[in-house]
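Engineer: from the sequence below, what's the structure:
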Amino acid sequence: MQVGYGLTGHGSTGEAFIDENKRWGLNSIDATAEIMDATDAGWLENPAAQLVMDFDNGLAADDAFAVHFGLAPNLGFGDDEVIGGHGDSGGPIFIDDGTWKIAGVHSWLSSDVDFTAGAVSDFDNVDFNSTCGEMSGMSRVSEASTVDWILTFVPDAIAEDVDVVDDVVCTDDLTMGLLPDAEIIDELAEILSVELNTTGKFTDMGVVCEFEGRSWILGHFASDDGVVEVWMGPTPIPDSDLVPFDVKFATYFYLDPQHFDSLMATLSL
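Structural biologist: Take a look at the predicted model:
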């Protein structure tokens, strides 16, 4: 499943307009970009770290990976089939193996012009306008080099399942419980409500984990929109002038040392 906010339209005519609405649709990952790289003399960087898919419409003539690379026919998901358009870069590609997971991040489009074999799969023969018969590529999230690159920019990222991150150690496996009535918790809930454009409150806080040399507190924030898992840690910037809560990637928060210590004391952690 692909999700994005970019240009939208129809597979027969291509991307046409943008209205900032989030849309989703289905597609299947056909291969890694190695199959394209071998055909076109190395125009892709690190092709093994990229996933690729084409935009099918049920017609064999527009099945790009069969036309260009000889893969077995895959005629798509009918009206639910989508491909990324301009403005969708950075959006997630999900797979469902019983649990929804991000498999890739949308990156680029490709069309017949990228290949020299002379075969044509593009429905309207107009390159890079997201019509059926075009292809797209995604950065593969599970690729080790991709993970390393992400962590150079997001060193404080915490996996939801801490067991998969070697340097996260839970030091206090505490039972989650109702929170005491504390000003610090109310203040945090108010700021989070503004950030998430909803109204809610923390229902519990507990487990403390060590990651990147800092402690993090785990809590659950409940609103009419559902329950959000929130991680809170002390700012890595000593003596900073940050506001009490500096939002970091939606549900990860840096707290200044005074507020973090106060929260730890309130929770008796």
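Engineer: which residues of the stretch 101-250 of the chain fall in strands?
Structural biologist: Counting by DSSP state E, counting those that start in this stretch, the stretch 101-250 of the chain has these strands, from start to end: 135-140, 169-172, 200-211, 214-223, 226-234, 245-248.
Engineer: now those strands in CSV, with mean neighbour count and mean pLDDT?
Structural biologist: C-beta coordinates here come from the backbone N, C-alpha and C atoms, glycine included. Supplementary listing: the strands of the stretch 101-250 of the chain in CSV, determined by neighbours: other CB atoms under 10 Å; pLDDT from 0 to 100:
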stretch, mean neighbour count, mean pLDDT
strand 135-140, 24, 90
strand 169-172, 12, 45
strand 200-211, 18, 75
strand 214-223, 19, 79
strand 226-234, 17, 79
strand 245-248, 16, 62
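Engineer: tabulate these (a markdown table), appending distance to D256.
Structural biologist: Shown next, in a markdown table, are the strands of the stretch 101-250 of the chain (distance: least, CB to CB, whole Å):
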| stretch | distance to D256 |
| --- | --- |
| strand 135-140 | 34 |
| strand 169-172 | 22 |
| strand 200-211 | 18 |
| strand 214-223 | 13 |
| strand 226-234 | 8 |
| strand 245-248 | 8 |
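Engineer: out of these, nearest to D88?
Structural biologist: For those, distance to D88 was read as CB to CB. The smallest value, 8.6 Å, belongs to strand 135-140.
Engineer: what helices and strands are in contact with that closest one?
Structural biologist: Where contact means 3 or more CB pairs under 8 Å, 6 or more residues apart in numbering; DSSP states H and E, strand 135-140 is packed against strand 50-54, strand 100-110.
Engineer: do you know which of the strands of the stretch 101-250 of the chain lies nearest A60?
Structural biologist: For these, the distance to A60 is smallest for strand 135-140, at 15.8 Å, taking CB to CB.
Engineer: where's H220 relative to V208, distance?
Structural biologist: When CB to CB, to the nearest Å is applied, the distance between H220 and V208 equals 15 Å.
Engineer: could you do A103 as well?
Structural biologist: For A103 relative to V208 (CB to CB), the value is 31 Å.
Engineer: lowest-pLDDT helix or strand in the chain?
Structural biologist: Sorting the helices and strands of the chain by mean pLDDT, DSSP states H and E puts strand 169-172 at the bottom, at a mean of 45.
Engineer: all the helices of the protein, in order from the start?
Structural biologist: Counting by DSSP state H, residue ranges of the helices within the chain are 34-39, 64-69, 144-153, 183-195, 257-266.
Engineer: for these, which one sits closest to V230?
Structural biologist: When the helices of the chain are ranked by distance to V230, counting by CB to CB, first place goes to helix 183-195 at 6.8 Å.
Engineer: got the buried residues for the closest one?
Structural biologist: Of all the residues in helix 183-195, those buried under the rule 16 or more other CB atoms under 10 Å are I184, I185, L188, A189, L192.
Engineer: how about those residues in CSV, adding pLDDT and distance to E34?
Structural biologist: As requested, the buried residues of helix 183-195 are exported to CSV (pLDDT from 0 to 100; distance: CB to CB, whole Å):
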residue, pLDDT, distance to E34
I184, 78, 52
I185, 81, 51
L188, 83, 47
A189, 84, 48
L192, 81, 43
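Engineer: now, which of those sits nearest A265?
Structural biologist: Minimum separation from A265 among the buried residues of helix 183-195 (CB to CB) is found for I184, which lies at 9.0 Å.
Engineer: how much space separates that closest one from Y252?
Structural biologist: Separation of I184 from Y252 (CB to CB): 18 Å.
Engineer: cool, thanks, signing off.
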